[in-house]
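A predicted structure for the sequence below; I have some questions about it.
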Amino acid sequence: MPLNIPNLLTWARILLIPLVVGVYYLPLTPAEQNFIATAAFLVAAITDWIDGWLARKLNQTSAFGAFLDPVADKLMVAAALVMLVELHRVDAMLAFIIIGREIAISALREWMAKIGAAKSVAVSLIGKLKTIAQMTAIPMLLWNAPIGPLNIHLFGTWALWIAALLTLWSMVYYLRMAWPEISARSR
């Protein structure tokens, strides 16, 4: 495992996961819990962008980093969604759709890489839009309090519904891209 700044940022993102979840079990006020969880999630989301940018800019891309980065993202999103379900801020079905898709597409990508067809399921624009919707919705739902006249919980809920729809759309897209390989190997 190359020890470089992008990989260290990815590890930092993974280390923030227990904070996002664990803060809700500490003897703090709900507002303090929400603030800490939201701040930790936002830092993680920002480091996700920074580590990829730095890896390319500093020419520090690695196979390990390419593996760890999406794992860190999926762990962070899944942990936050499970916590939001526990807090009754997110419907379990939305969390299931998003987490289930992440598992299914990760497995598909692993299999496609194993057969030498990874490029057919490379990250697409729809996948990036899905991530943006998730990274917008989750902090709003963690915050869960109005900001002035803005109902942040409502906006977060809408953004999560959009993320769930983009999740399904991107899953169909990736499956369609992989279908020629799937059908060729099932004969």
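Alright, I've got the coordinates.

Relative to A178, how far out is A104?
According to C-beta to C-beta, to the nearest Å, A104 and A178 sit 11 Å apart. Where you see a C-beta, it was placed from the backbone N, CA and C, and this is true even at glycine.

show me the contacts for the closest residue to L87 other than its chain neighbours.
Among residues not flanking L87 along the chain, Y24 sits closest, at 6.9 Å (C-beta to C-beta, 6 or more residues apart in numbering). By C-beta atoms under 8 Å, 6 or more residues apart in numbering, Y24 lies in contact with Q33, A37, M83, E86, L87.

coming back round to it: which one of A104 and A178 is surrounded by more residues?
Between A104 and A178, A178 has the larger neighbour count (other C-beta atoms under 10 Å), namely 19 against 13.

on that earlier part again, and the residue nearest to L87, what pLDDT?
Note on Y24: pLDDT of 98.

How about R187?
Reported pLDDT for R187: 67.

Spell out the secondary structure type for the nearest residue to A55 once chain neighbours are set aside.
Nearest residue to A55 in three dimensions, chain neighbours excluded: P6, at 3.9 Å (C-beta to C-beta, 6+ apart). Recorded secondary structure, P6: helix (DSSP: H, G, I helix; E, B strand; the rest coil).

where's P6 relative to T38, distance?
P6 is 24 Å from T38, by C-beta to C-beta.

residues of the one helix or strand M76 maps to that come out buried?
Assigned by DSSP states H and E, M76 belongs to helix 63-86. By neighbour count on 16 or more other C-beta atoms under 10 Å, the buried set for helix 63-86 is 65, 68-70, 72-74, 76-81, 83-85.

Tell me how many other residues crowd K114.
For K114, using other C-beta under 10 Å, the count is 9.

Point out where the chain drops to low pLDDT.
Low-confidence segments of the chain (pLDDT under 70): 187.

which helices and strands sit right next to the longest helix along it?
Secondary structure of the chain per DSSP state H: the longest helix is helix 152-185. In terms of contacts (3 or more C-beta pairs under 8 Å, 6 or more residues apart in numbering; DSSP states H and E), helix 152-185 is packed against helix 92-114, helix 125-143.

can you do 10 Å?
Under the contact definition 3 or more C-beta pairs under 10 Å, 6 or more residues apart in numbering; DSSP states H and E, helix 152-185 sits against helix 63-86, helix 92-114, helix 125-143.

which strands and helices sit next to the longest one?
Same thing as helix 63-86. Applying 3+ C-beta pairs under 10 Å, 6+ apart, we find helix 63-86 packed against helix 5-22, helix 30-57, helix 92-114, helix 125-143, helix 152-185.
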